[in-house]
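*Asks:* Provided below for reference: sequence and predicted model.
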Amino acid sequence: MVSGVFRSFRHRHLFKPEDNGTTMEDCLEFAAPVPVLGRIVEVVVLKEYLRRFLRERNAFIKQVAESEEWQKYLPH
């Protein structure tokens with residue numbers, strides 16, 4: 001188990017084959033460290049922050065995967 005600032009944090013990827021490629025879906029479950037105040041922070045700040053972070057990261061992954069750039073990240 002990895003420790004960090006969250007009380008709990010689980011991130012999974014689901015891959016679904018499509019006619020023209022593959023769709024990746026992020027499944028993210030998290031809980032802030034302080035139960036009551038943390039829940040307010042989750043709703044007001046963290047949820048949208050993490051959504052935006054995943055959108056930006058996934059756009060980068062898509063760009064790399066759909067170009068020759070992916071070769072920089074995998075051993076030959």
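*Replies:* Received, thanks.
*Asks:* so where is this structure shaky, pLDDT-wise?
*Replies:* In the predicted model of the chain, residues 1 satisfy pLDDT under 70.
*Asks:* ok, which stretches of it are strands?
*Replies:* Assigned strands in the chain, in chain order: 8-18, 21-31 (criterion: DSSP state E).
*Asks:* Return the list of helices and strands in contact with the first one.
*Replies:* So the one you mean is strand 8-18. strand 21-31 (3 or more C-beta pairs under 8 Å, 6 or more residues apart in numbering; DSSP states H and E). Glycine gets a C-beta too; all of them are placed from N, C-alpha and C.
*Asks:* for the last one, same thing?
*Replies:* In this structure, strand 21-31 makes packing contacts with strand 8-18, helix 47-65, judged by 3+ C-beta pairs under 8 Å, 6+ apart.
*Asks:* quick check, distance from it to the centre of its chain.
*Replies:* Put simply, strand 21-31 sits 6 Å off its chain's centre (C-alpha atoms, centre = their mean, to the nearest Å).
*Asks:* That strand to strand 8-18, inter-axis angle?
*Replies:* Relative orientation of strand 21-31 and strand 8-18, computed by axes from the mean of the first three to the mean of the last three C-alpha atoms, to 10 degrees: 170 degrees.
*Asks:* In the sheet, which strands lie alongside strand 21-31, parallel or antiparallel?
*Replies:* Strand 21-31 pairs in its sheet with strand 8-18 (antiparallel), by DSSP bridges.
*Asks:* Now do the partner strand: everything it contacts.
*Replies:* The contact list for strand 8-18 (C-beta atoms under 8 Å, 6 or more residues apart in numbering) reads 22-31.
*Asks:* Report the beta-bridge partners for P17.
*Replies:* Under the criterion used (DSSP bridges), P17 bridges to T22.
*Asks:* Deepest-packed of the helices and strands packed on strand 21-31, please.
*Replies:* helix 47-65 (a mean of 12; mean count of other C-beta atoms under 10 Å).
*Asks:* Can I get that one in PDB, CA atoms only?
*Replies:* Provided in PDB are the C-alpha atoms of helix 47-65 (Å, rounded to 0.1, in the frame of the first residue of the first chain):
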ATOM      1  CA  LYS A  47     -13.600  16.700  -7.500                       C
ATOM      2  CA  GLU A  48     -13.300  19.300 -10.200                       C
ATOM      3  CA  TYR A  49      -9.500  19.600  -9.800                       C
ATOM      4  CA  LEU A  50      -9.000  15.900 -10.300                       C
ATOM      5  CA  ARG A  51     -11.500  15.800 -13.200                       C
ATOM      6  CA  ARG A  52      -9.500  18.600 -14.900                       C
ATOM      7  CA  PHE A  53      -6.200  16.900 -14.100                       C
ATOM      8  CA  LEU A  54      -7.400  13.600 -15.700                       C
ATOM      9  CA  ARG A  55      -8.800  15.300 -18.800                       C
ATOM     10  CA  GLU A  56      -5.400  17.100 -19.400                       C
ATOM     11  CA  ARG A  57      -3.400  13.900 -18.700                       C
ATOM     12  CA  ASN A  58      -5.700  11.800 -21.000                       C
ATOM     13  CA  ALA A  59      -5.400  14.400 -23.800                       C
ATOM     14  CA  PHE A  60      -1.600  14.000 -23.500                       C
ATOM     15  CA  ILE A  61      -1.800  10.200 -23.500                       C
ATOM     16  CA  LYS A  62      -4.100  10.300 -26.600                       C
ATOM     17  CA  GLN A  63      -1.700  12.600 -28.400                       C
ATOM     18  CA  VAL A  64       1.300  10.400 -27.700                       C
ATOM     19  CA  ALA A  65      -0.600   7.100 -28.500                       C
END
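*Asks:* Sweet, I'm off.
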